[in-house]
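Undergrad: structure here, sequence nowhere to be found:
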């Protein structure tokens, strides 16, 4: 945890060990940490340089820990000042970049990124830079980063960034995908479902886009970074159009699809919500760990409840009763 203050692992372990005892020399510390005395002595010297340790008045070979409330707080203040300087430099460079951005030629509005690692890195960087809104297309086949590994998304949502995501319907055939979508909705994201998406897409603050690309065999991965241009405007228009046509996926605070006020069971509410999002009976069964016969039986029971002869009528009554 102290790496954010500039300590490496050995220095942090050394400081934590010093805090727990009155003093240590290099040999005692080495025995405690299971390392060579030279390594222990190097870590003690580093802590002394950082102001986190001092030599004991009783012996110059022994070290005592500096009070955490003083020494670590001082390092934190130093880091904060470094971050402020870095932020000022970022703003200065961004201003220079904006000046050159308007002078980009046709060939410069798109950058090419090659390799899965580089694409994943840009995917993370763009989300970390988001301030207002992230728009995304999520296809069924995973390209680079699985949804459950997208930690930058969680951090951005926590910062207050708005996420609007369109998901390809067949993505729900993947085990556990519905649970991941539920987590996103509970975090405040807006999710809609469509039959098929034309591409993978990530747009940040309506100013820059990432378009991941896969070869026909899926063995080669790359991406296009699209800057402000007519092409970016086209991608934004495409997102807005598909978003209007998407079916909202709506969940309650406990992870269930929003049910009616007259006591529809949670399981039936979830089944109904997934069906209305366009999933097949089998896909609903897979997501909820049910058999397809159980799904069909409960749908039939809902139809009987509202005296519906078809599922289309069931959808009408669900809307009329406030179930959706």
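TA: Here it is on my side, so go on. This is a predicted model, so every value here is computed, not measured. Numbers count the residues shown, from 1 in each chain.
Undergrad: surely residue 157 touches residue 188?
TA: Yes - counting by C-beta atoms under 8 Å, residue 188 is a contact partner of residue 157 at 6.1 Å. The C-beta positions use only the backbone N, C-alpha and C, and glycine is treated the same way.
Undergrad: show me where the stretch 201-324 of the chain has strands.
TA: 201-204, 208-214, 221-226, 247-248 (DSSP state E, counting those that start in this stretch).
Undergrad: partners of the second one in the sheet?
TA: Sheet pairing of strand 208-214 (DSSP bridges) gives strand 201-204 (antiparallel), strand 221-226 (antiparallel).
Undergrad: cool, and the last one?
TA: Strand partners for strand 247-248, identified by DSSP bridges, are recorded as strand 190-194 (antiparallel).
Undergrad: may I see the buried residues of the strand it pairs with?
TA: 190-194 (16 or more other C-beta atoms under 10 Å).
Undergrad: try stretch 286-305
TA: Neighbour-count burial for stretch 286-305 [16+ other C-beta under 10 Å]: 286-287, 290, 294-295, 298-299, 302-303.
Undergrad: save those as TSV, and put in pLDDT and distance to residue 163 too.
TA: Shown next, in TSV, are the buried residues of stretch 286-305 (pLDDT from 0 to 100; distance: C-beta to C-beta, whole Å):
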residue	pLDDT	distance to residue 163
286	85	25
287	81	21
290	87	29
294	89	33
295	89	29
298	88	31
299	88	31
302	85	31
303	86	35
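Undergrad: ok, those residues vs residue 183, which is closest?
TA: Distance to residue 183 across the buried residues of stretch 286-305 (C-beta to C-beta) is lowest for residue 287, with 13.5 Å.
Undergrad: list the contacts of that closest one.
TA: Contacts for residue 287 (C-beta atoms under 8 Å, 6 or more residues apart in numbering) come out as 172, 177-179, 274, 279.
Undergrad: what helix or strand is residue 196 on?
TA: Using DSSP states H and E, residue 196 is not contained in any helix or strand.
Undergrad: kind regards, and thank you for your time.
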